[in-house]
Structure formats: C-alpha cells, structure tokens
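Asker: can't give you the sequence, but here's the structure:
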Ligand SMILES: Cc1cc2nc3c(=O)[nH]c(=O)nc-3n(C[C@H](O)[C@H](O)[C@H](O)COP(=O)(O)OP(=O)(O)OC[C@H]3O[C@@H](n4cnc5c(N)ncnc54)[C@H](O)[C@@H]3O)c2cc1C
C-alpha cells in the first residue's frame, strides 16, 4: 500500500498545475502555493508584454487531455494561453488545491526528523511554517528577473529616461516618438523591438552579443513543427548514451546529416535575408540547437528590411549625456532602454547546503531525468527544464515524479544509479554537446523524444510509440498520444 502524503506544490504556472493534478489524482493531499494573485506563471496577464505569443504551435503546447480550443490560432497569444491554463485548472478543479498570494520563503528538513520538509510561508503580513512529506518545486526558470545596471543609469533616469526589464514592458505607449534600445537577442527582445516599431518608436536598435540561428514559424512555407520536431530529425543531433553500434551508424550517416543541416542553413539564410542584415551565425546549426534557439518574431525581417530596427552586435557600456554608449564605441540616441536579459535560474528558498549539492561550480545542475537529485530527498522538480513543448514535458515529468515519490517506478533508481547517470549527462554536455549546457543544463530540446522515452520506460509504460512507425518517425510529439502512453503505465492509488 502506498502511503498518502502531504505534498507541497510550489508555483501555479504550467508546471504547478500539472504537478497538482497528478499528485491529487494519485490520492495525495496537495497544498499548492502561488505567490501571485493568479495562476499562469509567465502567462499571468500583468507579467506579459503586449503581443506575447507562444513559440510552440498550439498542439505542442498543451496537456495530454486538454487540447487548445479549435478557434485558437496556431500560435496563441498570451491571454489565450492564460485562459487555456484557467480552463485546465477548472476541468480538474485545481483551484481548491492552491493558496494564491502565498510565497514560499524557505524550506528546511523537518525538525522532528521525519522525512520531508518544513516550509516557511508568507501571505500578506502573515508568516507561518508547515510540514510536508514531499515537495514538488514548480517555480520554473522565469521567477527571478535578471537585473543588470550600467554606469550612468541613475542620471539617465533622472533626465527622464526609462530602463525596464522585458517583463515590465507592458505599456507600449512609452515608445511613441522615442528612441528605443533593446538589449538582448532572444525572442522576447525581438518581440519587443517589433512591438516598439508598431507603436511609433522614432528609432529602434537591437543590441545583442552574437548572431544565433532563428527559426521562422514557416520554413520554406512549411510549419516548422512538421520539419524540425521529429524523431527522425532529433536523431541527427549528437544525443547522449549512444552505444557502439549507434555510434557506428551515426558515423556512417554523417555526410547525409551534414548535408541536411547545410540545406536547412541555406534555406534560413535566404528566407531571413541573414547575410543582408549581417546576421549569419558562426556556429553550425546542428551544434547550436537548444532551448535558446528563438523563433523569428513575425514582422522582424520586414522591420530590418525597412531600417526600422537596426541590429548591433555588442552590449551596453554606459549611459552618457550624449546618449547610450555601446561596447562598439558608438553612442546611440536612447530614451527607453529595455533589458531583455532573461531570468536568474535558481531555487532561492532552498538552504545553501542543498544548493551546493544541486549546482556544480560551473553552474550545471545535478538532476536525474531533469526531476530529482539523490542528495535532496523528498523533493523533486517539475518544469525546471526548458523545452520546445514545455506543457507536455511538465506533465510527463509530473507523472514520473509522483511514481518516484511513491516508489512506484518500474525500476526505482538507487542513489548510485542516479549519480552515475547525472555524471554521464554532465560529461556529455561538457565534452560532446556544449549547447546543452544552456540554462544550467536544464534544457530537454531538441531531445524531447529521447527524454520522454526514458521517462515512459522508467514508468513501465507498455506503449511508448505510435503504432504507425512512419508517423512516429516523421511527426511531432503528439500530446494525446502521450496521454495514451501514460495510461499504459501500471496504475495505483495512494491511501
Ligand atoms: C514570453 C515567453 C514565451 C514562452 N513561450 C513558450 C513556448 O512557446 N513554448 C514553450 O515550450 N515554452 C515557452 N516558454 C517557456 C515557459 O516558461 C514555459 O512554457 C512555462 O510557461 C513555464 O511554466 P512553469 O510553471 O514551469 O513556470 P512559470 O510560468 O514561471 O511559473 C512559476 C510560478 O511559480 C511562482 N513562484 C515562484 N517563486 C515562488 C515562491 N517562492 N512561492 C510561491 N510561488 C512562487 C511564480 O509566481 C509563477 O507563477 C515561454 C516563456 C516566456 C517567458
């Protein structure tokens, strides 16, 4: 009999909702804590910049039992994703499990010596502690803004200039008639640059460190989900854990793989006019693909063509009386500086001693299956990793994690097995695939199928692939199909 546990779920975004649903369904007592006034995480309306839109097509950004509505566009807008997440919470009555406006401030091992953790919680001016048998951390990668400053910033603001983090760019009217400089080259940076143009900015500069490969929604007229999100494509990247035979096959196919990626690069260079705009990346695309590859913001190339956005390779140096000085030495006019410099990865409420076990000195995280660390007992992560299909990935990991917590994986790994696997993965990232070190090594793209295969195998799923081998090789991860694979795992109930 699996004992019923009291489980804390920290965070009420995509991942917290998935975790709460899965632990609740298995019969555990779930207490969710969300520090905001609303569910949704990055999609919560007050945190979203205008025009925010998914990078993933809608059928790659949904839970297994809850497709996005038919009348949603292929790439839904932020408010639509927010409404979708609410509809999922309603469908599974998840609101009853959460306390909103409640932050987790610290977590310590339980003082009574029982397994689990004591959380310090804060809601308004109330602070209290509560014991839990298991903690599911679902605070994601976008909870703590990366705040950077440059010399002269205070005086620039005193003179009427504005400096915002990308998540604070919620009122585009501030751009009208202004010189806008966006720092960063990610999707949010280009989204904001295009939005600033649309909202009447006098000039827009996009300042970023290096050119990266960007993927348009349609590559050569074909929705990128039909070209790039396939097992057949995924196998062409240098995956971890290849056996000698797989290595031999990979070596034999190398020229074909090389040709495939050069073809893709040529297509992207032509379609996105990368040469014309001085935006051709130096790294071959197959080495670079990871969670950091941005989708091209609709309108970006047109804005570049018309000179409405000027790309500059460099960074900010300082704010001066004459304008914003860049690392190139150029001084550019600037009224509004938007820092699209991302978020700080971490678990700030976890004691330092545990953070030291979790994070290596080079910033790489030690997590098995992107979910647990054997030295951090009675807890796990859901959605700590980036991915190209985060909703499905969170649901898959949540399903794995509840079984891990309950000792119900088909093969419950020992600490030694987990550490050996973690070390193998770290070695692979450091020596064979440096791109996989992005975001502390917490990125499952472009290896979604392989990751899901491992999770399903651990869970003992009798069905892990679609029956049609061609569909399995040449189509994207289908959420409903993964729902049926999860249903083929041994079922149990706690309590
Ligand atoms: C603009 C944007 C577009 C994106 N588009 C895509 C896409 O198209 N495809 C894709 O796969 N991914 C996309 N992502 C990645 C996205 O982060 C994930 O898809 C997903 O929304 C992450 O959900 P999450 O629940 O893991 O984290 P979050 O959405 O960050 O939710 C974490 C929650 O934890 C709460 N929290 C944090 N700390 C505490 C605390 N101490 N106590 C209590 N609560 C706390 C936060 O308030 C937040 O609500 C996008 C991200 C951004 C920012």
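Answerer: On my side now, so go ahead. What you see is a predicted model; the values in this text were computed from it and never measured.
Asker: Pull the number of nearby residues for the closest residue to the ligand within the stretch 201-350 of the chain.
Answerer: Taking C-beta to the nearest ligand atom, the ligand has its nearest neighbour within the stretch 201-350 of the chain at residue 349, 5.4 Å off. Bear in mind the C-beta positions are built from the backbone N, C-alpha and C, glycine included. The burial count assigned to residue 349 is 16, neighbours taken as other C-beta atoms under 10 Å.
Asker: same thing with residue 331?
Answerer: 15.
Asker: For it, give me its contacts.
Answerer: Neighbouring residues of residue 331 by C-beta atoms under 8 Å, 6 or more residues apart in numbering: 320, 322-325.
Asker: Tell me how far residue 426 lies from the ligand.
Answerer: Applying C-beta to the nearest ligand atom, to the nearest Å, the value for residue 426 to the ligand is 23 Å.
Asker: I figured residue 9 hits residue 29, correct?
Answerer: No. Using C-beta atoms under 8 Å, residue 9 is not in contact with residue 29, being 11.0 Å away.
Asker: sorry, back to before: now do the same for the residue of the stretch 201-350 of the chain closest to the ligand: helix, strand or coil?
Answerer: Residue 349 carries the three-state label coil when classified by DSSP: H, G, I helix; E, B strand; the rest coil.
Asker: Enumerate the residues of the stretch 301-450 of the chain near the ligand.
Answerer: 349, 383, 387-390 (C-beta under 6 Å from any ligand atom).
Asker: Remind me which helix or strand residue 256 belongs to.
Answerer: helix 244-271 (DSSP states H and E).
Asker: For the helix or strand that comes right after that helix, which helices and strands make contact with it?
Answerer: For helix 244-271, the succeeding helix or strand toward the C-terminus, using DSSP H and E, is helix 285-288. Under the contact criterion of 3 or more C-beta pairs under 8 Å, 6 or more residues apart in numbering; DSSP states H and E, helix 285-288 touches helix 244-271.
Asker: Go through the helix it packs on and flag the buried ones.
Answerer: For helix 244-271, the buried set under the neighbour-count rule, 16 or more other C-beta atoms under 10 Å, comprises 257, 260-261, 264-265, 268-269.
Asker: Residue 421: which element?
Answerer: Using DSSP H and E, residue 421 sits within helix 415-427.
Asker: What's the mean pLDDT across the next helix-or-strand element following that helix?
Answerer: Once the chain leaves helix 415-427, the next helix or strand it forms, by DSSP H and E, is helix 448-459. Here helix 448-459 scores 97 as its mean pLDDT.
Asker: Over to stretch 373-392?
Answerer: In the prediction, stretch 373-392 has an average pLDDT of 96.
Asker: hmm, back to that, quick one: residues contacting the residue of the stretch 201-350 of the chain closest to the ligand.
Answerer: 10, 104-107, 120.
Asker: same thing but at 10 Å, please
Answerer: Shown in contact with residue 349 (C-beta atoms under 10 Å, 6 or more residues apart in numbering): 10, 103-108, 119-120, 137, 139.
Asker: okay, among the residues you listed, which ones form the most distant pair?
Answerer: 108 and 139 (17.1 Å; C-beta to C-beta).
Asker: and the helix holding residue 256, how far from the chain's centre?
Answerer: 26 Å (C-alpha atoms, centre = their mean, to the nearest Å).
Asker: now for it, which elements pack on it?
Answerer: Under the contact definition 3 or more C-beta pairs under 10 Å, 6 or more residues apart in numbering; DSSP states H and E, helix 244-271 sits against strand 218-219, helix 225-228, helix 231-234, helix 285-288.
Asker: how about the second one, does it reach the ligand?
Answerer: No. Shown here: helix 225-228 not in contact with the ligand (C-beta under 6 Å from any ligand atom), separated by at least 11.3 Å.
Asker: ok, residue 231 touching residue 478?
Answerer: No. Residue 231 is beyond contact range of residue 478, at 11.6 Å (criterion: C-beta atoms under 10 Å).
Asker: returning to what we had before: so between residue 108 and residue 139, which is more surrounded?
Answerer: The neighbour comparison of residue 108 against residue 139 (other C-beta under 10 Å) goes to residue 139, with 26 against 14.
Asker: Which residue, neighbours along the chain excluded, lies closest to the more buried one?
Answerer: Spatially, and ignoring its direct neighbours in sequence, residue 139 is nearest to residue 11 (4.3 Å; C-beta to C-beta, 6 or more residues apart in numbering).
Asker: List the contacts of that neighbour.
Answerer: 17, 19-20, 32-36, 39, 41, 98, 104, 136-140, 143, 382-383.
Asker: quick one: it and residue 343, what's the gap?
Answerer: Residue 11 sits 14 Å away from residue 343, going by C-beta to C-beta, to the nearest Å.
Asker: next one: residue 395
Answerer: 22 Å.
Asker: If you count surrounding residues, which of the two has more?
Answerer: For residue 395 versus residue 343, neighbours defined as other C-beta under 10 Å are more numerous around residue 395 (29 against 17).
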